[in-house]
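Engineer: Model the following, please.
(one chain, ligands or ions: 2)
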Amino acid sequence: MLKYDGHVHTPFCPHGTKDALNRYCEQAIKLGLSGLSFTEHAPLPDGFIDPSPTQDSAMSKEQLYTYIEHVQSIQSQYNKELKIGIGLEVDFIEGFEDQTSALLNEVGPLLTDSILSVHFLNHKNSFYCMDYSPEIFLDIAQAVGSVDAVHHLYYQSVLQSINANLGTYKPNRIGHITLANKFQKRIPPTQSFDKEINDILQAIQTNGYSLDYNVVGIRKPLCKESYPPPEVLKQAIKMEIPLVFGSDAHQAKELAIAWNEYTGVPLDSPLSS
Ligand SMILES: [Zn+2]
Ligand SMILES: [Zn+2]
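Structural biologist: Residues are numbered from 1 along each chain as shown. Ligands and ions are numbered 1, 2, ... in the order given. Here you go, the predicted model:
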């Protein structure tokens with residue numbers, strides 16, 4: 001069983017903790033991981049205003065190169081014990097593809113492992129942060145017409161992200177594809193989205209991308225399941241889509257959290273080749 005945590009945040013995340021990079025590495029060694037990828041939220045594209053109430057969704061552009069230098073330095077410090085990926089969790093934001101490509105073209109050569117995620121939804125050129133809070137989720141439902149419509153819009157955006165042309169340095173792993181379920185225990189959809197999810201898996205397979213097997217949802221009281229949930233994982237495995245475990249840790253002690261629950265799922269490492 002390959003133990004690699006491919007989705008880890010850092011003190012550069014404005015909504016995370018100040019746990020230093022070496023604390024994550026020490027925790028990884030303690031847990032017997034072969035490695036981890038630091039995937040901090042990439043700076044939001046030029047001209048995009050963070051719609052979240054606290055405006056703390058991502059690291060600022062000014063910090064980007066300091067972040068990369070820190071990860072490079074920790075990578076050489078731990079090179080005997082751990083494989084460390086230098087990455088970003090890049091937002092796909094409909095309408096900002098050019099700005100996102102520009103950022104990726106600039107920084108891409110320094111990165112070794114990144115994730116492409118959707119957190120922001122575009123509805124009639126207003127943007128919403130879908131995973132911020134149940135209250136905001138309900139606001140979005142009101143704006144787009146229904147809870148089901150939010151899910152629909154989310155899956156549509158994820159599919160768009162997979163098919164988008166973001167240049168040579170486009171991340172090849174797709175983040176938490178069922179994040180729309182984050183508040184499902186309080187705000188359940190009324191229909192299944194199997195068809196949309198199936199289309200997403202097909203597109204991931206066609207493009208040769210991998211899937212972020214993101215477990216943070218399991219410990220969210222309003223979600224209680226991984227992104228994606230087990231039945232979708234099974235299908236992804238059947239389709240031979242590589243799964244990369246992601247704790248989405250925002251503090252060192254969340255690294256590879258509850259690993260034992262995931263035995264039996266064949267996992268990949270983005271740096272194994
Ligand atoms: Zn975060
Ligand atoms: Zn994310």
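
Engineer: can you pull out the strands in the stretch 101-250 of the chain?
Structural biologist: 115-117, 120-123, 126-129, 173-174, 210-214, 243-246 (DSSP state E, counting those that start in this stretch).

Engineer: Can you tell me which of those strands is nearest to residue 189?
Structural biologist: Closest approach to residue 189 among those is made by strand 120-123 (14.7 Å; C-beta to C-beta). C-beta coordinates here come from the backbone N, C-alpha and C atoms, glycine included.

Engineer: how distant is that closest one from the center of its chain?
Structural biologist: 17 Å (C-alpha atoms, centre = their mean, to the nearest Å).

Engineer: Stretch 42-57 too?
Structural biologist: 16 Å.

Engineer: List the buried residues in it.
Structural biologist: For stretch 42-57, burial by neighbour count (16 or more other C-beta atoms under 10 Å) applies to 42, 43, 44, 45, 48, 50, 51, 52, 57.

Engineer: Can you get me the start-to-end distance on it?
Structural biologist: Length of stretch 42-57, first residue to last, C-alpha to C-alpha, to the nearest Å: 9 Å.

Engineer: Show the average pLDDT along that stretch.
Structural biologist: Throughout stretch 42-57, pLDDT has a mean value of 96.

Engineer: how close does residue 212 get to residue 24?
Structural biologist: 18 Å (C-beta to C-beta, to the nearest Å).

Engineer: Could you report the pLDDT at residue 260?
Structural biologist: In this model, residue 260 is scored at 63, pLDDT.

Engineer: which residue is nearest the middle of the chain?
Structural biologist: residue 175 (3.6 Å; C-alpha atoms, centre = their mean).

Engineer: Please name the residues that touch that one.
Structural biologist: Each residue near residue 175 by C-beta atoms under 8 Å, 6 or more residues apart in numbering is listed here: 7, 89, 115, 116, 117, 118, 212, 214, 246.

Engineer: and with 10 Å instead?
Structural biologist: By C-beta atoms under 10 Å, 6 or more residues apart in numbering, the contact set of residue 175 is 7, 39, 89-92, 114-119, 158, 161, 211-212, 214, 227, 246, 248.

Engineer: now do residue 177
Structural biologist: Residue 177 sits in contact with 117-118, 154-155, 158-159, 161-162, 196-197, 200-201, 204, 211-214, 227-228, 232, 236, where contact means C-beta under 10 Å, 6+ apart.
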